[in-house]
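S.K.: Structure, please.
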Amino acid sequence: MPLGAFKAALMGTAGVSTGGYGYTMGGLEAGGRVDTIDKFAFASDANATDVGDITAARSGSSGTNSSSHGYICGGSDGSYVNIIEKFSFSAGGDSSDVGDLTEATGYVAGHQSSSHGYRSNGYAAVRVNVIDKWSYASDGNATDVGDLTVARFGAVGASSSASGYTAGGQSATGNTDIIDKFSLSSDGNSTDVGDLTFVLSYHAAGAQSSASGYNAGGSRGGGDYDIIEKWSFSSDGDATDVGDLYEGKSESCGQSSDNHGYCSGGFGRVADDYTDGIDKYAFASDGNASDVGNLAAARMQLGSCSDK
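M.R.: Prediction:
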């Protein structure tokens, strides 16, 4: 995310999202995988519009963002892929292939510093614990810079100004509530710094304010849940339940403005089907989310990023 996302000085009023856009990339519709890039405005509640395509229809990818570009990595187009691609926030349009992850994998989590993109966890033939990193300054391949405490897939990603966080997911022994943290300033392994309030997996939606990481929705045992929980960046510890989504859903994606977290798309419990709903919840005060718009099409297993 842009440097401004980490500065409390950029926080506006609690009820209004400042400028910028949330993006979703790819995903799985009822008719199959899609290559859609769509975006919605943070400044006013509204529907998303289709603004471009990724290089191939994929699901199970993850996204990150620099100050100028959105990135999508990993996922499956029928087979798991290692692709890293990017698209311009200012110019819009389609994405281009700019590098490779260290392995082909899907159901990954995305993280970012001001200078690098990261992905952690994932699944191909087995669950993985790898943390990959690539540069925003020059296109190229990722390098393996550390390991999570537990190999898993379907975890959410969040980022503070100092650390990347990987929360939840499914390990070889079942769903996990672990919150891992790794440094963005020096390469190395993660440490277990707390637990989620509820053991969930299968693409809950991650988001971040300047002070906290968020986990929204998720699935356990065939049920889709509406929980919104958060954990502090300033001190290690467990998450707390702070509200509910508009509807229970899993396999969604998350976006972050300066003032709000968003949970987009997924598989909804109410209709028991793919959903196009965009949920929004405030960072400044704990509470429930509201439905503020729709994606260009109902789909799940999406990548996402935020341009602020």
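S.K.: was I right about residue 112 contacting residue 63?
M.R.: No. With contact defined as Cβ atoms under 8 Å, residue 112 does not reach residue 63; the gap is 9.3 Å. To be clear about C-beta, it is placed using only N, CA and C from the backbone, and glycine gets the same treatment.
S.K.: if you count what's nearby, which of the two comes out ahead?
M.R.: Shown here are residue 112 and residue 63; by other Cβ atoms under 10 Å, residue 63 has more neighbours (28 against 25).
S.K.: can you give me the strands in the stretch 201-308 of the chain?
M.R.: 205-208, 212-216, 219-220, 223-224, 227-232, 240-244, 249-250, 253-256, 260-264, 267-268, 273-274, 277-282, 290-294, 303-307 (DSSP state E, counting those that start in this stretch).
S.K.: Beta-bridge partners for the closest residue to residue 159 other than its chain neighbours, please?
M.R.: Nearest residue to residue 159 in three dimensions, chain neighbours excluded: residue 111, at 4.6 Å (Cβ to Cβ, 6 or more residues apart in numbering). Under DSSP bridges, the beta-bridge partners of residue 111 are residue 118.
S.K.: returning to what we had before: how about the strands of the stretch 201-308 of the chain, which one is nearest residue 55?
M.R.: Of all the strands of the stretch 201-308 of the chain, strand 303-307 sits nearest to residue 55, with 12.5 Å by Cβ to Cβ.
S.K.: partners of that closest one, with directions?
M.R.: strand 21-25 (antiparallel).
S.K.: Now do the partner strand against strand 290-294, angle only.
M.R.: Strand 21-25 runs at 60 degrees relative to strand 290-294, counting by axes from the mean of the first three to the mean of the last three Cα atoms, to 10 degrees.
S.K.: Run a quick neighbour tally on the nearest residue to residue 180 once chain neighbours are set aside.
M.R.: Leaving out its chain neighbours, the residue that sits closest to residue 180 by Cβ to Cβ, 6+ apart is residue 190, at 3.9 Å. Neighbour count for residue 190, taken as other Cβ under 10 Å: 23.
S.K.: ok, residue 190 touching residue 147?
M.R.: Yes. Using Cβ under 8 Å, residue 190 is in contact with residue 147, at 7.1 Å.
S.K.: So which residues make contact with the worst-scoring helix or strand of the chain on mean pLDDT?
M.R.: Lowest on mean pLDDT, DSSP states H and E among the helices and strands of the chain sits strand 223-224, with a mean of 76. Strand 223-224 is contacted by residues 217, 218, 248, 249, 250, 266, 267, 268, 269 when judged by Cβ atoms under 8 Å, 6 or more residues apart in numbering.
S.K.: is it true that the fifth one touches residue 215?
M.R.: No. With the criterion set as Cβ under 8 Å, residue 250 and residue 215 do not qualify as a contacting pair; they are 11.6 Å apart.
S.K.: neighbour-wise, which of those two wins?
M.R.: residue 215 (30 against 25).
S.K.: Could you tell me the model confidence score at the more buried one?
M.R.: Note on residue 215: pLDDT of 96.
S.K.: Quick check: beta-bridge partners of it?
M.R.: Those that pair with residue 215 in a beta bridge, by DSSP bridges, are residue 206, residue 229.
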